[in-house]
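[1] Okay, predicted coordinates and the sequence, questions at the end:
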Amino acid sequence: MPVSVQLEVTPLPEQPFGATVTLPAGITDPSKLSDEDFNKLREALHSNLVLVIPNQADLPPASQHALTSRFDPSCQGNYGHDEKLFHHKSSILAKDGKCIPDRPEVIMVGNGDFEAGHAPGMKAFDLEHPTHHSFHKDVLSPEEVAAGQTRFYRWHIDSALYGLAPPMVTTLLGIQVPPTTEKQTIKYTDSNEEFELTKGATAFASGATAFKLLSPEDQEFALNTTVVYAPHPYIYISETKATSDGLTIVSEGKEKTFDQLPAWEEDKIKKLPLVWTNPTTKEPHLQVHGCCVWKLINNKTGEVIELEEARKLVHKFMRPAISPKHIYAHPWKKGDLAIFFNRGVWHTVTGEFDPEERRLMHQCNIASGEDPLCLN
């Protein structure tokens with residue numbers, strides 16, 4: 001990539017959204033951008049939804065944290081989840097990552113065993129790449145996996161969805177990435193569609209596109225709907241299984257009862273708009289974590305749509321936006337720093353890794369001080 005005297009943003013070719021960023025000459029740490037360049041970066045993020053800055057493998061966790069927090073002056077300084085709840089033995093997130101001791105807002109995700117010393121005070125650790133085999137109701141057969149099939153694991157926004165406000169952005173840095181051009185294929189179970197992607201790609205879907213694909217009647221409904229999330233939602237669904245597209249949960253009555261959950265407070269239950277407004281483009285984005293939905297409330301009529309029907313409706317609204325032509329699947333290379341607008345996209349893990357394959361990434365998102373708004 002050519003050297004730039006100023007920050008440059010280049011849309012990804014032949015992709016529905018996303019862009020690469022070239023840092024200004026002399027700047028190697030994006031957290032140290034001038035105010036002028038950072039404002040350009042922030043506006044580019046809101047417009048392109050996913051930005052990729054290459055050659056950042058040596059970016060320190062402190063710089064990644066500083067960059068992430070710079071996008072949201074209201075952020076609380078802590079990781080986007082309560083750490084005890086994130087690692088709670090019953091949470092579906094319990095195995096998803098480990099915090100860096102001296103910068104706990106940055107967590108390590110990936111696959112494989114790693115020696116001590118990765119970070120100050122860091123003991124030897126192991127990571128497990130999430131797989132649909134542990135989360136979906138119906139899973140791929142060994143023959144299908146051997147033939148190169150994979151699944152969208154769980155479409156989501158990064159958020160505790162209890163107590164803490166959803167982070168503004170997430171940064172994800174490829175520290176150690178297996179050099180591979182191996183392709184895997186997602187075969188949609190409700191259509192003849194197929195989507196080919198690089199093994200281990202992170203897939204993104206645009207909430208703005210999701211809203212645009214709704215009928216006028218459904219847009220009106222969405223603009224006037226509040227999503228109510230269950231208390232401790234990742235524990236609430238810990239014994240349930242997801243739909244084959246990873247969008248929501250199959251309703252089988254396997255949710256934990258509220259008295260089986262850790263202590264919770266009514267005023268910490270998250271009630272968020274189904275549609276969030278992009279602060280730069282002013283576009284409406286359909287932003288919802290389909291697996292954690294508990295209820296929907298119609299703000300005009302007061303009608304409450306309960307769990308099973310709420311899941312069905314959210315799935316109907318989300319599904320068109322994950323068709324192949326609407327998705328960007330990032331093919332990771334060592335040193336890629338992906339910055340994504342967590343209030344404008346959903347994302348998911350993909351890929352099936354062998355136990356001996358080693359991949360290490362640093363992820364950072366920080367709880368905001370303010371919930372998102374729908375400026376309807």
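    Yes, it's here. Numbering: from 1, shown residues only.

[2] what comes into contact with the biggest helix by length in the chain?
    Ranked by residue count and defined by DSSP state H, the top helix of the chain is helix 35-48. With contact meaning Cβ atoms under 8 Å, 6 or more residues apart in numbering, helix 35-48 is reached by 6-7, 9, 11, 17-19, 21, 24, 27, 30, 33, 51, 70-71, 169, 278-281, 339-341, 344. C-beta here means a position set from N, CA and C on the backbone, and glycine is covered the same way.

[3] And for stretch 130-148?
    92, 95-96, 149-154, 182-185, 189, 241-244, 246, 250, 349, 352.

[4] Kindly recompute the last result at 10 Å.
    92-93, 95-97, 109, 111, 128, 149-154, 182-185, 187, 189, 196, 199, 237, 240-246, 249-250, 252, 291, 348-353 (Cβ atoms under 10 Å, 6 or more residues apart in numbering).

[5] got the CA coordinates for that stretch in CSV?
    Below are the C-alpha coordinates for stretch 130-148, written out as CSV (Å, rounded to 0.1, in the frame of the first residue of the first chain):
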residue,chain,number,x,y,z
PRO,A,130,-16.3,-21.1,18.9
THR,A,131,-18.0,-23.7,16.7
HIS,A,132,-21.6,-24.2,15.8
HIS,A,133,-21.4,-27.8,17.0
SER,A,134,-21.8,-26.6,20.6
PHE,A,135,-24.5,-24.0,19.9
HIS,A,136,-26.8,-24.9,17.0
LYS,A,137,-29.8,-27.1,17.2
ASP,A,138,-28.9,-29.0,14.1
VAL,A,139,-25.2,-29.4,13.1
LEU,A,140,-23.2,-30.2,10.1
SER,A,141,-22.2,-33.9,9.7
PRO,A,142,-18.5,-34.9,9.8
GLU,A,143,-18.7,-35.5,6.1
GLU,A,144,-20.0,-32.0,5.5
VAL,A,145,-17.2,-30.5,7.6
ALA,A,146,-14.7,-32.6,5.7
ALA,A,147,-16.1,-31.3,2.5
GLY,A,148,-15.4,-27.7,3.6
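
[6] can you pull the buried residues of it?
    P130, T131, H132, F135, H136, V139, L140, V145 (16 or more other Cβ atoms under 10 Å).

[7] Need the pLDDT of the second one.
    We note a pLDDT of 86 for T131 in this prediction.

[8] Next SSE downstream of the longest strand seen in the chain?
    Of all the segments of type strand in the chain, defined by DSSP state E, the longest one is strand 103-114. Per DSSP states H and E, the first helix or strand lying C-terminal to strand 103-114 is strand 125-127.

[9] Name the next helix or strand downstream of that next one, please.
    According to DSSP H and E, the helix or strand after strand 125-127 is helix 142-146.

[10] And the longest strand of the chain, what's buried?
    So for strand 103-114, counting by 16+ other Cβ under 10 Å, buried means R103, E105, V106, I107, M108, V109, G110, N111, G112, F114.

[11] Show me where this protein has its helices.
    Using DSSP H, helices in the chain cover 35-48, 61-70, 83-86, 142-146, 207-212, 216-223, 233-236, 307-318.

[12] Which one of these has the poorest average confidence?
    helix 83-86 (a mean of 51).

[13] Any stretches of the stretch 251-376 of the chain with poor pLDDT?
    376 (pLDDT under 70).

[14] What is the nearest of the buried residues of strand 103-114 to G302?
    E105 (38.8 Å; Cβ to Cβ).

[15] And the pLDDT for that closest one?
    So E105 comes in at 85 (pLDDT).

[16] ok, it touching T170?
    No - between E105 and T170 there is no contact under Cβ atoms under 10 Å: 11.3 Å.

[17] Mutual contacts of the two, please.
    T68, G80, Q363, C364, N365, I366.

[18] Sitting in strands, which of the residues you listed do you find?
    For the shared contacts of E105 and T170, secondary structure assignment (DSSP E) places Q363, C364, N365 in strands.

[19] Which residues does the last one form beta bridges with?
    Same thing as N365. Counting by DSSP bridges, N365 forms beta bridges with T170.

[20] burial count for it?
    27 (other Cβ atoms under 10 Å).

[21] wait, isn't P11 in contact with G18?
    Yes - shown here, P11 and G18 form a contact pair, counting by Cβ under 10 Å, at 7.3 Å.

[22] which residues touch the closest residue in space to V50 that isn't next to it in sequence?
    Nearest non-adjacent residue to V50, counting by Cβ to Cβ, 6 or more residues apart in numbering: G18, 4.2 Å away. The contact partners of G18, by Cβ under 10 Å, 6+ apart, come to 11-12, 48-52, 204, 206, 328-330, 338, 340, 345.

[23] Pick out whichever of these sits closest to Q287.
    V345 (8.5 Å).

[24] So what pairs up with that closest one in the strands?
    Assigned bridge partners for V345, using DSSP bridges, are S206.

[25] OK, contacts around it?
    Per Cβ under 10 Å, 6+ apart, neighbours of V345: 17-18, 49-50, 155, 157, 170, 203-210, 285, 287, 321, 328.

[26] at 7 Å what do you get?
    L49, V50, F204, A205, S206, G207 (Cβ atoms under 7 Å, 6 or more residues apart in numbering).
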